Structure formats: C-alpha cells, structure tokens
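Novice: With the sequence up front, the predicted model follows.
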There are 2 protein chains.
Amino acid sequence: MRTYGQYCSVAKALDVVGDRWTLLIVRELLLQGPCRYTDLKSGLPGIATNLLADRLRELERAGLVRREEAPPPIATTLFQLTDAGNELEPVLDALCGWGVRYMTAPDEGDQFRSHWFSLPASLFLHDRDPGGAPVTIELQAAGRPAVIEVSGGSVRTRLGSAPAPDVVLRGTPQAIMATLTGHLTVDQAAARGLEITGDPAVLARLLPEPAAGPS
Amino acid sequence: MRTYGQYCSVAKALDVVGDRWTLLIVRELLLQGPCRYTDLKSGLPGIATNLLADRLRELERAGLVRREEAPPPIATTLFQLTDAGNELEPVLDALCGWGVRYMTAPDEGDQFRSHWFSLPASLFLHDRDPGGAPVTIELQAAGRPAVIEVSGGSVRTRLGSAPAPDVVLRGTPQAIMATLTGHLTVDQAAARGLEITGDPAVLARLLPEPAAGPS
DNA sequence: CGGCATCCTCTTTGATACTG
DNA sequence: CAGTATCAAAGAGGATGCCG
C-alpha cells in the first residue's frame, strides 16, 4: 500500500480511499446497501474482477467494509460498509456536487445505472413543504426505473416502481439529470424530449431554482 | 486520459481529479494561493518532478489551473486555481474531516508543512463570539510558524508570525493537530507536552467541544 | 451461478539525472 | 527556476480458469 507520507488529513484520507475505483466501490455500497460481489460488479461497469477483489480486501483491512457470509438459504457473501465507510458520504456528496458540471451529454460509450440518480436527487432536491403530504416521483431512463420518495422533509431514492407516482419523468438519463440538478427548467427539459406526466406542483415543491443560462 | 466511462457525477469528478497527487496539488494551491513550481514541489514532499509537471498540464487542460507568466522583476511562472478549481474546496474539506481519524501519531518518515494546519483550523475552529475582538493564535511546530487569525466570525490561517499573538501553541504537529480538532482538551494536550502560553479564554472561544474518549 | 485467482500485456508511477 | 529524459518497478486492464 503506497502512501503519500504526509502528516496531513487530506493525504491520509487519500492514502485509504485515493486508489482508482475505491471511492466508486464505496458509492455502490452507499447507494445499494449490502451487496453481493456480482451486484457490485454490475454496478461498476468497467472494473476488472481481480481489481474488485483486491479493493474489497483492502477496504476490509482498512475497516471500511465488512464481509458477511449469509447463511443458507441465501448462501452468498454480502459486503457492507462499516460506520467509518458510511461516514464517507459527505465526500461523495461533495464530489457529486462538483462533478455535475461534467454531466452534460454522456460521452460515447458511457454506461448508466438508474440507482446513480440517488446521490444527485438527495443533493439537489429539497422539500419546500416538509409538512405536506408525502409524494413519489418515478424516473424512467435506460434500464430499471427508480423512485424518489419524499416524506417528512427527507428525500430517498430506490430502484423499482411506485404504485401511483405523483409524477413520472421519462427520457434520457441526461434529460432527467439536468432536471433534477436544476440545470434545465421543467419547460426546457420538456422541450428537449423529457416526458413529464402528473402534478407539476410536486416538481415545483422539490426542484432547485434553475441556474441562469440555458443549455 | 483514462476515464471510468460511467454517466455518474462522482465518476466524472474522479475522471478529472481522481489521479494520484491531483487533489494534493489542488490542496497546495488552495492553501498557498498562486504558487511557483518550486513552491508546489516543496509543499508536496514525495512527488516526482515529472509527475508534477504532467499533472499541472492536465489540470490546466481541464480548466482547474491557470498558468501565468509573471513579468520581470519577478520573472517566474505562477500557477493558480481557476474558479472551477477553487470550487473543489468542499471536497477537500470533506476529505479532511474524514481523514482526521488517521491523524494520530505520524507514521515513520511522514513529512509535515505548517500551512497544512489551515484546513483543519478553518474546519474545526468556530468563533463562538463573532462580535468579540479579533484574536490571533501562533502555532509553532516543526518548520515555519503559522498564525490563525480570527475576526468577524471568520477563521484564516497563514504562514508567518504574529507581532503579539493572544495565544501561542508550541509542540509537535500531532499535539497541535489533536488540540485544533478537539481530539484532546487543552489540559490533556498540555499534559502530553504541548506548551500553551497566553489567554486560555481565547482557546475556549474557538476550540470544538472535545470528543468523548481521550488518547 | 457466485467469488474469486492466474497469467499476460500495457500504462502509470517513482527515482534519478540532466538542461535551457 | 522550471522543467525534460530515461528507465525500472508497480499497478491497471483483459482474458480465462477454477472451485464449491
């Protein structure tokens, strides 16, 4: 394990989570909760299997990940974050917030997974009416649908469908992302192909004030 | 430039700043302001010079760093962060906050620079009496002294000495770090060799509530 | 299938030396 | 001062094999 050899908090943090893929593995475990090896691999398109195994071992040694042998009938290994691992969430949030500037059009060949909407959703959506009735928004992009559930002022996202969502957003990951992050207004997004059905007031309650310039 | 190929804000951020040394270079430019190549190298003990040159080029191409040829009489190149670069501060803050858990004893051979106190200082010190008189605290560890300046509720740190500091902390980087982050109370730190001179009330005004367990 | 380990190639890094 | 050049070592990526 190569370290920076600097007595600095940032350098020490990067000694532990600065290796390639490491923070993305933490992202998966944060967003998905306890995961099987195969779940991790499919949530991390592009990772080499030996690298995933290596990193999981390192994360375990560092005390960020705990490995649990689920008993039969499950009979599989589950990987989950420890407290120290969960406490990386502010780091992921900050990176997510800084990285949205690059979330314009996907690059050629970019992969996408619906649960990746979770971080931007909780980072950018805020309930302006925390006492109001709970609402759900279904997101339909490539792959599986996702649901944003808002209640009591908290915003949570999970994979799956809602029985009767208040709003459905259907379109490319890019269009949905731009709407969630406030990069496009609802009208602008609709004009670019985002299908919006349901109650517009729910979106007005949650979406951030859109930024100045369009695009 | 190797990318993760994932349409996710975190992955896109790491595509840009995820390489080894990159975030530490940003740290230096954030803490030190515009820097000469040599200043950067001495603030990044352990970096290979070709790697520093490579990274600076990449950071410039990515629009995080601007290179400026200072005219004579200075006649040197200055590297400074652009707005996009400066906006990485929340990422550095989050990493710093998460990394303090590893700031126990320095590892064998760890290097230290006094300006590295800046991040923990602004992260952990808070002025409980923002209307009170401005105060300064001088930190004397290895290398050059540093000064924490508190006024109008803001906490700033710079290299150098204060003419008449309200408090002087003198000791190992570890002892000072533990005190600033609230890992040790003033009394505990003093018992472990930290020399504290000046007005104790100033520290009480600024230091965080110390955590439960000692060490 | 789930959870890796091995083998091989290619790229990145680190250390050192040298230059305008 | 601000890098470039060189080279060995480490790490990443990809394919495939193995074992319960």
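Specialist: Perfect, thanks for sending it.
Novice: Buried residues in the longest helix along chain A, which are they?
Specialist: As far as residue count goes, and with DSSP state H defining each element, the longest helix of chain A is helix A:49-61. Within helix A:49-61, the residues that qualify as buried are A:51, A:52, A:55, A:56, A:58, A:59, counting by 16 or more other CB atoms under 10 Å in any protein chain shown. Bear in mind the C-beta positions are built from the backbone N, C-alpha and C, glycine included.
Novice: Tell me the buried residues in the strand or helix carrying residue A:80?
Specialist: When secondary structure is defined using DSSP states H and E, the element that contains residue A:80 is strand A:76-81. By 16+ other CB under 10 Å, the buried positions in strand A:76-81 come out as A:78, A:79, A:81.
Novice: Give me the residues contacting the longest helix of chain A.
Specialist: Identification of contacts with helix A:49-61 by CB atoms under 8 Å, 6 or more residues apart in numbering or on different chains yields A:1, A:19-22, A:25-26, A:37, A:40-41, A:44, A:65-67, A:79, A:85.
Novice: Narrow those residues to those in helices?
Specialist: Counting by DSSP H, these contribute A:22, A:25, A:26, A:37, A:40, A:41, A:85 to helices.
Novice: ok, which of those residues also contact DNA strand C?
Specialist: Applying CB under 7 Å from any atom of the strand to the ones in helices among the contacts of helix A:49-61, one finds that residue A:37 fall near DNA strand C.
Novice: Neighbour-wise, which one of the ones in helices among the contacts of helix A:49-61 leads?
Specialist: Of all these, the most densely surrounded is residue A:25 (27 neighbours; neighbours counted as other CB atoms under 10 Å in any protein chain shown).
Novice: quick one on the thing from earlier: tell me the one of the buried residues of helix A:49-61 nearest residue B:125?
Specialist: Distance ranking of the buried residues of helix A:49-61 against residue B:125, using CB to CB, places residue A:59 first at 31.7 Å.
Novice: Sheet partners, orientation included, of the worst-scoring helix or strand of chain A on mean pLDDT?
Specialist: Lowest on mean pLDDT, DSSP states H and E among the helices and strands of chain A sits strand A:65-70, with a mean of 90. Strand A:65-70 has the following sheet partners, assigned by DSSP bridges: strand A:76-81 (antiparallel).
Novice: Going by residue numbers, what spans are helices in chain A?
Specialist: Using DSSP H, the helices assigned to chain A run over residues A:9-17, A:22-32, A:37-43, A:49-61, A:83-86, A:89-99, A:118-124, A:173-180, A:186-191, A:200-206.
Novice: what about those helices, which gets the closest to residue A:110?
Specialist: Each of these was scored for nearness to residue A:110 using CB to CB, and the closest is helix A:173-180 (8.8 Å).
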